[in-house]
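Q: Sharing a model that was predicted from the sequence below.
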Amino acid sequence: MTDNKHNQKSTKPENQDLNRFKKGKNQLWIVILLIAVAVMVTVLVAATRNTATISADRGTVPVKRQDMIVTVTEGGSIRAHKSIQYQCQVERRRDVSEVSILEIVPAGTYVTKEDVENGMLLIQLDSSALKEALTQENMELAGDRESATAAEESYRIQELQNESDIADGKLNVRFALLDLQKYLGNEIANKLVEDVNSTQNLTSQISPIIQEGISDPNILAGSAAGEEMKRLQDNIVLAEGNLKTAQDTLAGTIKLHDANYVSDLELQTDELTVQNRQFSLESAKVSLQLFKDYDFPKSAEECLSDYIEAGRRLERTFAECRSRMAQAQAKLSNAQERFRSQTERVNELNEQIENCSMKAKAPGLVIYGTGDSGDMFRAMRGRGGGMSSGIIAEGEVVTEGQVIISMPDTAEMVAEISVHETEVDKVRPGQPATIVMDAFPDKVLQGEVTEVAPLPDQQRGWMNPDLKVYKTLVKINGNYDFLRSRMSCKVQVLVRSLEDVLVVPIQVVSNRAGRKVCYVLTSSGPEERTVQTGIFNDTFVQIIDGLGEGEEILLNPPQIYSDLAGPTIESFQGRKPSEQSEPSQNQKGSRTGDSERRGSRGMSSPGTTGMQEGGGPQTGMGRQFELTDEIIDKILTGMKQTNPEKAAELEQLRKDDPEKFKTELRSTMDSMMRNMRRGRNKQGSNPDQGSFGGMPGQEGGNRMKQELNDSEGK
């Protein structure tokens, strides 16, 4: 009783999931429903058991030879290949947050060549806030100009001051050297200044030279010191002469005194004169000795010291000049940079004010906006952020880069379509195409593919991350007056065309263990035949090898196989026409594997349940189909909507332990299948609820293919 209640509760969400599949909103339920189909067919087979032969009501189709074309058909719109766009070029600023439209010409206005020559104004944006900001910036510019001029003058004054200080320092050095040479003579002075920069003790350096000069007076000849020494020596000679004269006079006076010719007073006077001359000689000798011992070394060392100090002052002057110049240069650079930056801001504001007035550049029809995805994206973003409503009208706010007016060049029109990622490899520039306008279905225009985008459309991806489409331009040959921009159209691109080739309906080809097979009806019964396929379209597939013209091919396999890879709609999807003759291994695992699973009618033999090693989810009985990365991604995407916690757990397990992840995924899918079977057993096999049971042959294949195509389209 408890189990029945639990089954009843679990059946309700499963039926809701089946309804989601019927609406085509989630590809995960496509895979699950295919598994359910497999279960139902397996049950039928288990009941009959006799599947060795095919009944007559299943039907056959002959292998026939006919022409075959492969096309890609997409909807799109007409636009001019080239157009002049008038965009808002007013940048967002701190002081100007938004700008609005003051005046704009009405949409549909045709601008003539004369209007262009007269400078017709198309758009006038509100520039009052910009002009107010310009006034403030001009005031700051005047102050910065004055500061820059003052800094420049200060720099020039400092240059002159440095030149004067350096010249004065050099003169002091020169004068100090002259004083040294004057006092000691050139010979001794030059010896002293040879290595003056390495002098540590002036006294020890100058003493040997002083002693040499004292011992040899000729060395000091011509110098101030030599002249002083010579004067002192002359004083000694003079004192000696005066003393001898006084002594001779005293001797004569004594003789005269003894003869009573002179008085005693005269004798005493001559005696005093001799003593005085004796004192003068001694004083002259002492003066010479003092000069040699003290005055001469002192004066020589002072002169040398003055010269050294003058050189050091000159070095300090150089350093101070460099420092003052660096400071003056920094002030000048800062002032000039502020002035330059402020000048740029003023020029930018003037340019922004000029950009507020947009004049006609060329004749054409005025269309508001461009209508392309980039402009739509900005408009939608503006609505969300409160910046702009995206509407082009007087009084409306516009943002930087927004297209306000577009003038298309109607001389060359193109159709812009979005090609799905599964078809984009087939489309190449240069391929012919036909264009049919929705407004003129009776007119078929011819064109040619000119451009295929290398990357998916980002705006479409932003609105639907799972949708990957590539913008493709198709040039329309000729000029047609009825063509208008943004008209809806349908474009059919001719990818490839073959003449007189063998073809069979696409649903009769099955995938068995990586082989493409068909089942040929022979006199002895059904025969499995391996075939090599070529290109395909929505209805037929080319047979390169394995079948002959006129052979009868079974619409349904003669027995139930376990893998869900059945009719190979998938086997031919996602490949270039040049590669369709033999699908690669990678293609089998991506778009190939997906489409083969869509069209499958092959089921496992009854008697086994659950999952098997190395495979994917079971049909509930028998062998598994392969779990490719694409199928895993689709299963997890659908599971995020129904059971996000389980989906997150499986995604983390997929990163940490891939093998354990596959096992857990198989277990989860098997559990979902059991719940689905319980719900289906209570409701019965009702085709209106998405089952394909009871639909053999061509009708069942078309129904399955139609359901899958509708699901993909939605």
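A: Looks like it arrived, so ask away.
Q: low pLDDT regions in the stretch 451-600 of the chain?
A: Using pLDDT under 70 as the threshold, the predicted model of the stretch 451-600 of the chain has low-confidence ranges 460-463, 558-600.
Q: now the helices for it?
A: For the stretch 451-600 of the chain, helices defined by DSSP state H, counting those that start in this stretch occupy the ranges 458-463, 585-589, 591-598.
Q: Repeat that for the stretch 301-450 of the chain.
A: Going by DSSP H, counting those that start in this stretch, the stretch 301-450 of the chain shows helices at 373-385.
Q: Tell me the spatial nearest neighbour of L243, not counting adjacent residues.
A: Nearest residue to L243, sequence neighbours excluded (CB to CB, 6 or more residues apart in numbering): R277, at 3.9 Å. From N, CA and C alone the C-beta is placed, and that goes for glycine too.
Q: what kind of secondary structure is the one you found in?
A: Taking DSSP: H, G, I helix; E, B strand; the rest coil as the rule, one finds R277 in the helix state.
Q: who are the neighbours in contact with it?
A: With contact taken as CB atoms under 8 Å, 6 or more residues apart in numbering, R277 is in contact with 239, 242-243, 245-247.
Q: was I right about Q507 contacting I553?
A: No: the pair Q507 and I553 does not pass the contact test of CB atoms under 8 Å, sitting 10.3 Å apart.
Q: So for those two, which residue has more residues nearby?
A: Each of Q507 and I553 has its neighbours counted (other CB atoms under 10 Å); Q507 has more, 24 against 21.
Q: Okay, the more buried one and Q336: tell me how far apart.
A: Using CB to CB, to the nearest Å, one obtains 80 Å as the distance from Q507 to Q336.
Q: cool, K170 as well?
A: Per CB to CB, K170 is found 32 Å from Q336.
Q: likewise G548?
A: G548 is 90 Å from Q336, where distance means CB to CB.
Q: dump the residue contacts of the residue lying closest to M639 once chain neighbours are set aside.
A: What sits nearest to M639 in space, not counting adjacent residues and going by CB to CB, 6+ apart, is A647, at 4.1 Å. When the contact criterion is CB under 8 Å, 6+ apart, the partners of A647 are 636, 639-640.
Q: Out of those, flag the one nearest to K361.
A: Of all the contacts of A647, the one with the least separation from K361 (CB to CB) is K640, at 50.5 Å.
Q: Just after the helix or strand containing the closest one, pick out the following helix or strand.
A: Secondary structure assigned from DSSP states H and E places K640 in helix 629-642. Proceeding N to C from helix 629-642, the next assigned helix or strand is helix 644-656, under DSSP H and E.
Q: Report the rounded mean pLDDT for that following helix.
A: Predicted confidence along helix 644-656 averages 83 (mean pLDDT).
Q: Give me the contact list for stretch 147-156.
A: Under the criterion CB under 8 Å, 6+ apart, external residues in contact with stretch 147-156 comprise 325, 328-329, 331-332, 334-336, 338-339.
Q: Could I get these in a markdown table, plus columns for pLDDT, neighbour count and distance to V541?
A: A markdown table is the format used below for those (pLDDT from 0 to 100; neighbours: other CB atoms under 10 Å; distance: CB to CB, whole Å):
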| residue | pLDDT | neighbour count | distance to V541 |
| --- | --- | --- | --- |
| M325 | 94 | 15 | 86 |
| A328 | 94 | 20 | 86 |
| Q329 | 94 | 13 | 81 |
| K331 | 94 | 18 | 83 |
| L332 | 94 | 20 | 81 |
| N334 | 95 | 13 | 77 |
| A335 | 94 | 21 | 80 |
| Q336 | 94 | 16 | 76 |
| R338 | 94 | 18 | 75 |
| F339 | 94 | 20 | 76 |
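Q: Quick one: mean pLDDT for stretch 206-226?
A: For stretch 206-226, mean pLDDT rounds to 75.
Q: ok, and for that stretch, which residues are buried?
A: Applying a neighbour-count criterion of 16 or more other CB atoms under 10 Å, the buried positions in stretch 206-226 are 206, 209-210, 213-214, 219-220, 223-226.
Q: again with stretch 147-164
A: If you call a residue buried by 16+ other CB under 10 Å, then stretch 147-164 has these buried ones: 147-148, 151, 155, 158, 162.
Q: just stretch 340-357 next, same as before
A: Going by neighbour count (16+ other CB under 10 Å), the buried part of stretch 340-357 is 342, 345-346, 349, 352-353, 355-356.
Q: repeat for stretch 392-407
A: Neighbour counts using 16+ other CB under 10 Å place 392, 397-399, 402-407 of stretch 392-407 among the buried residues.
Q: Would you mind checking which of those is nearest to L288?
A: Nearest to L288, judged by CB to CB, of the buried residues of stretch 392-407 is T399 at 102.6 Å.
Q: wait, isn't the closest one in contact with R92?
A: Yes: in this structure, T399 sits in contact with R92. The criterion is CB under 8 Å, and the distance is 7.4 Å.
Q: Now for these two: what residues contact both?
A: Both T399 and R92 are contacted by E98, under the criterion CB under 8 Å, 6+ apart.
Q: can you list the weak-confidence ranges in the stretch 151-300 of the chain?
A: Across the stretch 151-300 of the chain (using pLDDT under 70), the flagged ranges come out as 195-202, 204-205, 213, 217.
Q: residue ranges for the helices of it, please.
A: Using DSSP H, counting those that start in this stretch, helices in the stretch 151-300 of the chain cover 186-193, 202-215, 224-258, 264-290, 296-355.
Q: okay, the ones you listed in JSON lines with distance to Q542 next?
A: Output for the helices of the stretch 151-300 of the chain, formatted as JSON lines (distance: least, CB to CB, whole Å):
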{"stretch": "helix 186-193", "distance to Q542": "106"}
{"stretch": "helix 202-215", "distance to Q542": "110"}
{"stretch": "helix 224-258", "distance to Q542": "122"}
{"stretch": "helix 264-290", "distance to Q542": "131"}
{"stretch": "helix 296-355", "distance to Q542": "59"}
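Q: Figure out which of these is closest to P62.
A: Smallest distance to P62 across the helices of the stretch 151-300 of the chain (CB to CB): 71.1 Å, for helix 296-355.
Q: orientation of that closest one relative to helix 224-258 in degrees?
A: Note on geometry: by axes from the mean of the first three to the mean of the last three CA atoms, to 10 degrees, helix 296-355 and helix 224-258 are set 150 degrees apart in direction.
Q: My guess is A221 contacts L184. True?
A: No: in this structure, A221 is not within contact of L184 by CB under 8 Å, at 11.3 Å.
Q: tell me which residues of the helix holding K640 are tucked away?
A: Neighbour-count burial for helix 629-642, with 16+ other CB under 10 Å as criterion, is recorded at 630-632, 634-636, 638-640, 642.
Q: Quick one: residues contacting K359.
A: Contacts of K359 were listed using CB under 8 Å, 6+ apart, and they are 119-122.
Q: Drop anything exposed from those residues.
A: Neighbour-count burial within the contacts of K359 applies to L122; the criterion is 16+ other CB under 10 Å.
Q: now, among the contacts of K359, which is nearest to V105?
A: After measuring those against V105 - CB to CB - the closest member comes out as L122, at 5.2 Å.
Q: helices or strands next to the helix or strand harbouring the closest one in the packing?
A: Per DSSP H and E: L122 is located in strand 121-125. Counting contacts by 3 or more CB pairs under 8 Å, 6 or more residues apart in numbering; DSSP states H and E, strand 121-125 packs against strand 99-104, strand 357-359, strand 403-408.
Q: how about 6 Å then?
A: Judged by 3 or more CB pairs under 6 Å, 6 or more residues apart in numbering; DSSP states H and E, strand 121-125 is in contact with strand 99-104, strand 357-359.
Q: quick one: strands adjacent to that strand?
A: Taking DSSP bridges as the criterion, strand 121-125 forms sheet pairs with strand 99-104 (antiparallel), strand 357-359 (antiparallel).
Q: quick one, that strand and strand 403-408 angle?
A: Going by the same axes, to 10 degrees, strand 121-125 makes 170 degrees with strand 403-408.
Q: How far away from the center of its chain is strand 121-125?
A: Using CA atoms, centre = their mean, to the nearest Å, the distance from the centre of strand 121-125 to the centre of the chain it belongs to is 35 Å.
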